[in-house]
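In: sequence first, then the predicted structure, then my questions.
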Number of protein chains: 2
Amino acid sequence: MSKQPLPLLSAAELEDCRVPLVAEPLTASQAERLAPSFKALGDPVRLRLLSLIASHAGGEVCVCDLTEAFDLTAPTISHHLKVLKEIGLVTSERRGTWVYYRAEPAALELLSTVLSVPQGAAA
Amino acid sequence: MSKQPLPLLSAAELEDCRVPLVAEPLTASQAERLAPSFKALGDPVRLRLLSLIASHAGGEVCVCDLTEAFDLTAPTISHHLKVLKEIGLVTSERRGTWVYYRAEPAALELLSTVLSVPQGAAA
């Protein structure tokens, strides 16, 4: 399976992965479905974009404001936003001229749970 | 900075990143330092290896047992373990013939905190 392209999945399709990886070994299927989300976060521009969107007052950011925050071209920003959207970490809505982005807290929280460590186990 | 190779950092060097990314925007420096850890997790074999190590009774796994769990060559497993070790998610110790691996709960917990969502914000 690991030679095939990694599938992009909705939060619902990851629901059975909502278990700390320290609690029990991930199955091959769970690992295949979780890895693309972590890979999406494995880029500094995408991490900053996600954080800018997720921490924004009102929970929504215009793509015009995101582009201004980086010393990168609009197509580059768009590419990174598309990756975050395809993996389900953000959603977007077009209103008039602009596209507005929101974070998906449930997707973040699932990934946080996977990496969480039961109390007392962290040194 | 984003064109340069991403640095590999110890948990101590990430200590100022122990903030949920939904709480405030990550700085460029924080994002640059966090991204390699998420990238390391963005591979299904590494996720399974980390989970096998972290969830193992006694907290330690012999590399011989890890290799048996996968339909992959020993050098491939070694490569993935090296990535996890360089990024600080596992540590290793050679004793006699074999190398033994342990997870670093503090590193996992830091990444979990970055992705965590304040109570009530997740739908």
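Out: Here it is on my side, so go on.

In: grab the most central residue of chain A for me.
Out: Note on chain A: the residue nearest the mean C-alpha position is A:L89, at 3.4 Å, using CA atoms, centre = their mean.

In: model confidence for that one, exactly?
Out: The model reports A:L89 with a pLDDT of 96.

In: can you name the residues that contact it?
Out: For A:L89, the contacting residues are A:37, A:40-41, A:50, A:103-104, A:107-108, by CB atoms under 8 Å, 6 or more residues apart in numbering or on different chains. All C-beta spots, glycine's among them, are computed from the backbone N, C-alpha and C.

In: now with 10 Å?
Out: By CB atoms under 10 Å, 6 or more residues apart in numbering or on different chains, the contact list for A:L89 reads A:11, A:37, A:40-41, A:46, A:49-50, A:53-54, A:81, A:83, A:103-105, A:107-108, A:111, B:115.

In: cool, A:E68 as well?
Out: A:E68 sits next to A:62, A:77 when contact means CB under 10 Å, 6+ apart.

In: and A:F70, that's in a helix?
Out: No - A:F70 sits outside any helix when classified using DSSP: H, G, I helix; E, B strand; the rest coil, being coil.

In: so what's it up against?
Out: Here A:F70 is in contact with A:45, A:48-49, A:52, A:76-77, A:80, B:2, B:28 (CB under 10 Å, 6+ apart).

In: tell me the one of those nearest A:V22?
Out: Using CB to CB, A:R48 comes nearest to A:V22 of those, at 27.9 Å.

In: local confidence estimate at the closest one?
Out: Note on A:R48: pLDDT of 97.

In: what's the answer for the one 4 residues further on, then?
Out: According to the prediction, A:L52 has pLDDT 97.

In: so it makes contact with B:L21?
Out: Yes - using CB atoms under 10 Å, A:L52 is in contact with B:L21, at 9.1 Å.

In: any common contacting residues for the two?
Out: By CB under 10 Å, 6+ apart, A:L52 and B:L21 have these common neighbours: A:A103.

In: more crowded one of these two?
Out: Taking other CB atoms under 10 Å in any protein chain shown, A:L52 and B:L21 do not tie; B:L21 has more neighbours (27 against 20).

In: buried ones in stretch A:22-41?
Out: Buried residues in stretch A:22-41, counting neighbours by 16 or more other CB atoms under 10 Å in any protein chain shown, are found at A:22, A:25-26, A:28, A:30-41.

In: those residues: which ones sit near chain B?
Out: By CB under 10 Å from any CB of the partner chain, the members of the buried residues of stretch A:22-41 lying near chain B are A:22, A:25-26, A:28, A:30-41.

In: check those and tell me the two furthest apart.
Out: Farthest pair in these (CB to CB) is A:P25 and A:A40. Separation: 23.2 Å.

In: quick check on the contacts of A:F70: which are buried?
Out: Neighbour counting over the contacts of A:F70 (16+ other CB under 10 Å) leaves A:45, A:48-49, A:52, A:77, A:80, B:28 as the buried ones.

In: still on that earlier bit, list the ones among the contacts of A:F70 that fall in helices.
Out: If you go by DSSP state H, the contacts of A:F70 have A:45, A:48-49, A:52, A:76-77, A:80, B:28 in helices.

In: list the contacts for the closest residue to A:I87 other than its chain neighbours?
Out: Sequence neighbours aside, A:A40 is the residue nearest to A:I87 in space, at 4.4 Å (criterion: CB to CB, 6 or more residues apart in numbering or on different chains). With contact taken as CB under 10 Å, 6+ apart, A:A40 is in contact with A:8, A:46-47, A:50, A:80, A:83-89, A:111, B:38-39, B:42.

In: helix or strand with the lowest mean pLDDT in chain A?
Out: Here the helix or strand of chain A ranked lowest by mean pLDDT, DSSP states H and E is helix A:63-68, holding a mean of 91.
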